[in-house]
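Trainee: Got a sequence here, can you build the structure:
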Amino acid sequence: MLAPLVNLLIVVASVLIHRWLWIRLVRDTTRPGGAARRVGTVAVVVSAALAAAPRILVPALGPDTGRPLAWTGYVWLGVLLYLMLTLLVWEVPRAVLGIRAIARRRNGRAPAPAVAESSAPAVPEPARVAAAAPARDTAPRARDTEGVLAAGGPAPGGAGAGAGAGSTGPARPDRRLFLSRAAALAAGGIAVATTGFGMRTALGDPVVKRVPVRIAGLAQPLSGLRFAVVSDLHLGPLLGRAHTERIVRMINALEADVVTVVGDLADGTPSQLAPAARPLRHLEATHGAFFVTGNHEYMFDGAEAWVDELHGLGITTLLNERREIRHRGAVLDLAGVEDLSGAEHGRGPDYARALGDRDTSRPVVLMAHQPVMIEEAARHGVDLQLSGHTHGGQMFPLTELTKLANPVVSGLGKVDNTQLYVTNGAGFFGPPVRVGAEPEITVIELRP
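Mentor: Numbers count the residues shown, from 1 in each chain. Purely as a prediction, here's the structure:
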């Protein structure tokens, strides 16, 4: 229902951003009417369309048909982000240089009182002599003057004139044009290099993090119980079956007691992406593998189809439910709630159903996709919440901005008496780029 409005906002944002990019990368670096300006303008228009196309067209085309557009558009979005950031940094010295130039012009061009009284511009002595010359000399001199101006040199008698009134040296280079071109080239180089580094990180193997978590009152037999935590695989046009196989292989090597997949499995429906998800049937854990829905599960079919698909793969989806984990004679409750986005489909989290009437002497671990759900979890006495959703911010400086909306962006934190672990996730959304937030699989080891 909101898709048309979102698509309109994407188009408007792309147009506005590219208008500014045209000013900095085309207008400021080329001369009016030249071929370079025409080519640059066309390139900016193509960039604006390419930046908006993946988010609008790929969902309609489907993962397979939309794959070429997704790769091209999302990689370019990564370049655009760092291109804009670098140019924004350049705006500061640019403004300083502009202020200094204005000050110099004011100081160097203050008119003498006699000249100020006259409405005619001051004419240097050589120009007055030239004016008295025969008419046949006027055209050549005009052409010479135009040649100097076209080369970026100062007009005769202007503030930028040479030291001598009759100087015939070469024209001074256009300093502003040179600086604009240098800034554009530097910004482009930095953007491409940063995006390349981020792609290598995003498409590489996730790092394995081992995190001990101490639970008050944890029974001694449960000490050392290990949860493999993974989230945000985002199977789709950019990540497919090979990605899932790698994740399964890495998780199985950890020999975990419980596997928890904390939402955002795919960006599409099972009819499109079931083959990419099927390696999940090979997940190995002493007490099984569990899944809770993320916001992306509700973007395409209301999550029911994925719940059925995962059930067929031997993975238990906790839809506002809990299960007993019996380990060495002791019991721990594992609960899971649906994502907040489910409320738009008449679903959503139900903490009372998932956590009510439980034995409060047992520790309880809650799977909840979004970190902000910790507030309600703390009110229900949860010992540990496992979440994803943030991607750790995925791309600097979004890594910092994400902190404004989440109690914890990455790693272990605490709200009241409830601990919260947020994984960076093993995939990515949008640009296949990660800068400052590595993909990860986590092993949570419970300790008293």
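Trainee: can you give me the helices in the chain?
Mentor: Using DSSP state H, the helices found in the chain span residues 3-22, 35-61, 67-108, 113-116, 125-131, 138-150, 175-203, 241-253, 270-277, 304-312, 351-355, 374-379, 398-401.
Trainee: And those helices: which comes nearest residue 413?
Mentor: helix 374-379 (8.4 Å; CB to CB). C-beta coordinates here come from the backbone N, C-alpha and C atoms, glycine included.
Trainee: what comes up buried for the closest one?
Mentor: Across helix 374-379, burial judged by 16 or more other CB atoms under 10 Å covers 374, 376, 377, 378.
Trainee: thought residue 215 was touching residue 363?
Mentor: Yes: using CB atoms under 8 Å, residue 215 is in contact with residue 363, at 5.0 Å.
Trainee: anything in contact with each of those two?
Mentor: Taking CB atoms under 8 Å, 6 or more residues apart in numbering as the contact rule, residue 215 and residue 363 both touch 222, 383, 384, 446.
Trainee: that older thread, among the helices of the chain, which is nearest residue 318?
Mentor: That would be helix 351-355 among these, by CB to CB, at 7.4 Å.
Trainee: Tell me the helices and strands packed up against that closest one.
Mentor: strand 321-327, strand 330-336, strand 364-367, helix 374-379 (3 or more CB pairs under 8 Å, 6 or more residues apart in numbering; DSSP states H and E).
Trainee: Could you export the first one as PDB, CA atoms only?
Mentor: Included here for strand 321-327 are C-alpha records, laid out as PDB according to Å, rounded to 0.1, in the frame of the first residue of the first chain:
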ATOM      1  CA  GLU A 321       5.900 -19.400  21.200                       C
ATOM      2  CA  ARG A 322       8.500 -21.000  23.400                       C
ATOM      3  CA  ARG A 323      10.200 -24.400  23.600                       C
ATOM      4  CA  GLU A 324      12.000 -26.200  26.400                       C
ATOM      5  CA  ILE A 325      15.700 -26.900  25.900                       C
ATOM      6  CA  ARG A 326      16.600 -29.800  28.100                       C
ATOM      7  CA  HIS A 327      20.400 -30.000  28.500                       C
END
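Trainee: what does it rub up against?
Mentor: Applying CB under 8 Å, 6+ apart, the set of residues contacting strand 321-327 is 221-222, 225, 257-258, 286-287, 290, 316, 331-336, 353-355, 358, 364.
Trainee: now the angle from that strand to strand 330-336?
Mentor: Comparing the axes of strand 321-327 and strand 330-336 via axes from the mean of the first three to the mean of the last three CA atoms, to 10 degrees yields an angle of 150 degrees.
Trainee: for strand 321-327, which positions count as buried?
Mentor: 321, 322, 323, 325, 327.
Trainee: Most widely separated two among these?
Mentor: Spanning the widest gap among the buried residues of strand 321-327 are 321 and 327, at 19.1 Å by CB to CB.
Trainee: among the helices of the chain, which is nearest residue 264?
Mentor: Nearest of those (CB to CB): helix 304-312, 10.7 Å.
Trainee: average pLDDT across the closest one?
Mentor: What helix 304-312 shows for mean pLDDT is 94.
Trainee: helices and strands around that helix, which ones?
Mentor: helix 270-277, strand 316-317.
Trainee: One more pass at 6 Å, please.
Mentor: helix 270-277 (3 or more CB pairs under 6 Å, 6 or more residues apart in numbering; DSSP states H and E).
Trainee: any residues touching the helix it packs on, and which ones?
Mentor: With contacts defined as CB atoms under 6 Å, 6 or more residues apart in numbering, helix 270-277 is touched by 62, 63, 235, 240, 241, 244, 266, 305, 306, 309.
Trainee: Tell me the buried residues in it?
Mentor: 270, 272, 273, 274, 276, 277.
Trainee: do you know how far the closest residue to residue 278 other than its chain neighbours is from residue 26?
Mentor: Of all residues beyond its chain neighbours, the one nearest residue 278 is residue 313 (6.7 Å), with distances taken as CB to CB, 6 or more residues apart in numbering. From residue 313 across to residue 26, the span is 51 Å (CB to CB, to the nearest Å).
Trainee: returning to what we had before: now the buried residues of helix 270-277 as CSV including distance to residue 179 and pLDDT?
Mentor: Formatted as CSV, the buried residues of helix 270-277 follow (distance: CB to CB, whole Å; pLDDT from 0 to 100):
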residue, distance to residue 179, pLDDT
270, 54, 93
272, 49, 93
273, 49, 94
274, 55, 94
276, 49, 96
277, 52, 97
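Trainee: I'd like to know which of those is nearest to residue 14.
Mentor: residue 272 (26.1 Å).
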